[in-house]
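**Student:** Could you look at this predicted model? Sequence included:
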Amino acid sequence: MRNKLEEIKESSKQVLKDIRDKASLEAVRVEYLGKKGKLTDVLRGMGQLSAEERPIIGQLANDVRSFIEEEIAKISAELEKAEIERKLAEETIDVTMPGKTNKIGGKHPITIVLDEIKDIFIGMGFQITEGPEIETDYYNFEALNIPKDHPARDTQDTFYIDDNTLLRTQTSPCQIRTMENMKPPIRIIAPGRVFRSDSPDATHSPLFHQVEGLVVDKGVTMADLKGTLEIFCKKMYGEDIQVRFRPHHFPFTEPSAEMDISCPSCHGKGCRVCKGEGWIEILGAGMVHPKVLKICGIDPEVYSGFAFGLGLERIVMRRFDVDDIRLFYENDLRFLKQF
Ligand code: DAH
């Protein structure tokens with residue numbers, strides 16, 4: 001037994017020499033000191049020893065056990081120390097290193113301009129609303145005083161889903177939905193996508209964006225319309241911009257107008273941007289037609305309102321000198337990264 005114990009001590013020394021990680025160290029511990037380990041195995045034979053031999057072998061066995069335990073503890077401490085050192089070395093922060101710049105996405109040019117427009121109108125007490133892109137004939141046409149046989153339907157090449165359902169051709173249906181759901185005073189803008197079955201070219205796209213505006217209250221006049229839109233343009237293009245209103249026709253407003261601004265590029269002299277005109281058309285507007293108010297349950301004898309609708313793409317194109325509307329929808333990063 002003495003030999004066996006000596007052997008165990010020697011072989012444990014050999015095995016422990018090559019241990020490099022905690023898992024194999026634990027395996028060795030189990031192999032030597034565990035319940036079914038080598039040492040326990042030997043000690044099972046103690047019963048057969050004589051009374052004199054028993055304490056001597058017992059002492060020896062305890063020595064071997066302590067020896068192995070101490071060795072394991074030593075190696076375990078060393079492994080832990082090495083692990084901490086490895087971590088420290090690995091996680092050293094060199095404060096002189098340049099930081100990593102995270103590339104974050106940018107805003108789409110249409111979003112940049114729309115955010116500006118929203119800010120300006122929020123500053124004037126407007127709320128932002130939205131309406132569905134899939135509309136019914138009623139909201140897109142009928143309630144806006146554009147009955148079935150009205151010629152205005154021909155100018156808006158409509159994508160029909162079925163006889164009664166369509167992709168909205170304008171954001172004006174948001175006026176109806178707003179008046180149905182809100183009581184005056186109403187002051188909202190409703191931006192969003194609109195759809196017309198146009199063949200795409202540099203200035204046409206079957207999908208584009210409009211921003212609708214609507215104000216309804218007691219005593220709202222054409223002067224409020226002109227004042228509000230003039231302030232909007234001055235905030236958008238600068239104090240020296242001029243605006244002018246030309247009579248026009250929309251079925252849902254009476255009277256109706258189109259608004260031009262003096263060309264921001266040439267200040268009215270005439271240039272490539274304004275095609276020599278000195279003026280650029282930017283929106284349609286008018287006093288909400290009494291019929292439209294009535295359809296929405298608002299008494300035109302008590303309330304009046306004005307509305308406007310502007311095409312976003314044209315504003316963005318001029319702002320950033322983009323000469324092809326299709327660039328906005330192609331998601332070419334070389335284009336988008338420029339904003
Ligand atoms: N919906 C019109 C269009 O798409 C634009 C418009 C004109 C909207 C006059 C209005 C408005 O609210 O009052 O051409």
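**Tutor:** Thanks, I have the structure now.
**Student:** Need the phi and psi values for Asn331.
**Tutor:** phi 50, psi 40 (degrees, to the nearest 10).
**Student:** so how far is Gly105 from it?
**Tutor:** Relative to Gly105, Asn331 is positioned 12 Å away (Cβ to Cβ, to the nearest Å). For the C-beta atoms, the positions are set from N, CA and C on the backbone; glycine is no exception.
**Student:** What of Arg168?
**Tutor:** Separation of Arg168 from Gly105 (Cβ to Cβ): 28 Å.
**Student:** ok, now Ile241?
**Tutor:** Ile241 is 32 Å from Gly105, where distance means Cβ to Cβ.
**Student:** more crowded one of the two?
**Tutor:** Between Ile241 and Gly105, counted using other Cβ atoms under 10 Å, Ile241 has the larger neighbour count: 17 against 8.
**Student:** Go ahead and report the secondary structure state at that one.
**Tutor:** coil (DSSP: H, G, I helix; E, B strand; the rest coil).
**Student:** Could you check stretch 35-50 and say which residues are buried?
**Tutor:** For stretch 35-50, burial by neighbour count (16 or more other Cβ atoms under 10 Å) applies to 37-39, 42-43.
**Student:** Next: stretch 52-67.
**Tutor:** The neighbour-count check on stretch 52-67 (16+ other Cβ under 10 Å) flags 57, 61, 64-65 as buried.
**Student:** from the residues you listed, which is closest to the ligand?
**Tutor:** Distance ranking of the buried residues of stretch 52-67 against the ligand, using Cβ to the nearest ligand atom, places Arg65 first at 92.4 Å.
**Student:** For the spatially closest residue to the closest one that is not a sequence neighbour, which residues are in contact?
**Tutor:** With Cβ to Cβ, 6 or more residues apart in numbering as the criterion, Arg65 has its nearest non-adjacent residue at 6.0 Å, and that residue is Leu39. Applying Cβ atoms under 8 Å, 6 or more residues apart in numbering to Leu39 gives the contacts 5, 8, 32-33, 61, 64-65, 68.
**Student:** Go again with 6 Å.
**Tutor:** Counting by Cβ atoms under 6 Å, 6 or more residues apart in numbering, Leu39 makes contact with 32-33, 65.
**Student:** Sort out which of the buried residues of stretch 35-50 are in helices and list them.
**Tutor:** When the buried residues of stretch 35-50 are checked against helices (DSSP state H), the matches are 38-39, 42-43.
**Student:** In a markdown table: the contacts of Leu39, plus distance to the ligand, pLDDT and secondary structure.
**Tutor:** Shown next, in a markdown table, are these (distance: Cβ to the nearest ligand atom, whole Å; pLDDT from 0 to 100; DSSP: H, G, I helix; E, B strand; the rest coil):
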| residue | distance to the ligand | pLDDT | secondary structure |
| --- | --- | --- | --- |
| Tyr32 | 88 | 88 | helix |
| Leu33 | 87 | 89 | helix |
| Arg65 | 92 | 89 | helix |
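**Student:** Any idea what Glu212 is bridged to?
**Tutor:** With DSSP bridges applied, Glu212 shows beta-bridge pairing to Ala190, Gly309.
**Student:** Now Ile120: which helix or strand?
**Tutor:** Using DSSP states H and E, Ile120 sits within helix 109-123.
**Student:** Now the residue of the stretch 1-150 of the chain found nearest the ligand. Nearest residue, chain neighbours left out?
**Tutor:** For the stretch 1-150 of the chain and the ligand, the shortest gap (Cβ to the nearest ligand atom) falls at Leu144, measuring 8.0 Å. Nearest residue to Leu144, sequence neighbours excluded (Cβ to Cβ, 6+ apart): Phe252, at 4.2 Å.
**Student:** on that earlier part again, and which of the buried residues of stretch 35-50 is nearest to Arg318?
**Tutor:** Gly37 (85.4 Å; Cβ to Cβ).
**Student:** where exactly do the helices run in the stretch 51-200 of the chain?
**Tutor:** Applying DSSP state H, counting those that start in this stretch to the stretch 51-200 of the chain gives helices spanning 53-90, 109-123, 137-140, 152-155, 173-181.
**Student:** so what does the last one touch, helix or strand wise?
**Tutor:** Going back to what we said before, that points to helix 173-181. With contacts taken as 3 or more Cβ pairs under 6 Å, 6 or more residues apart in numbering; DSSP states H and E, helix 173-181 sits against helix 137-140, strand 207-217.
**Student:** How many residues are close by Cys274?
**Tutor:** 21.
**Student:** what pLDDT does the closest residue in space to it that isn't next to it in sequence get?
**Tutor:** Counting by Cβ to Cβ, 6+ apart, Cys263 is the residue found nearest to Cys274 once chain neighbours are left out, at 3.7 Å. In the prediction, the pLDDT value recorded for Cys263 is 90.
**Student:** still on that earlier bit, least confident of the helices of the stretch 51-200 of the chain, on average?
**Tutor:** Across those, helix 152-155 has the smallest mean pLDDT, namely a mean of 75.
**Student:** Thanks again, I'm all set now.
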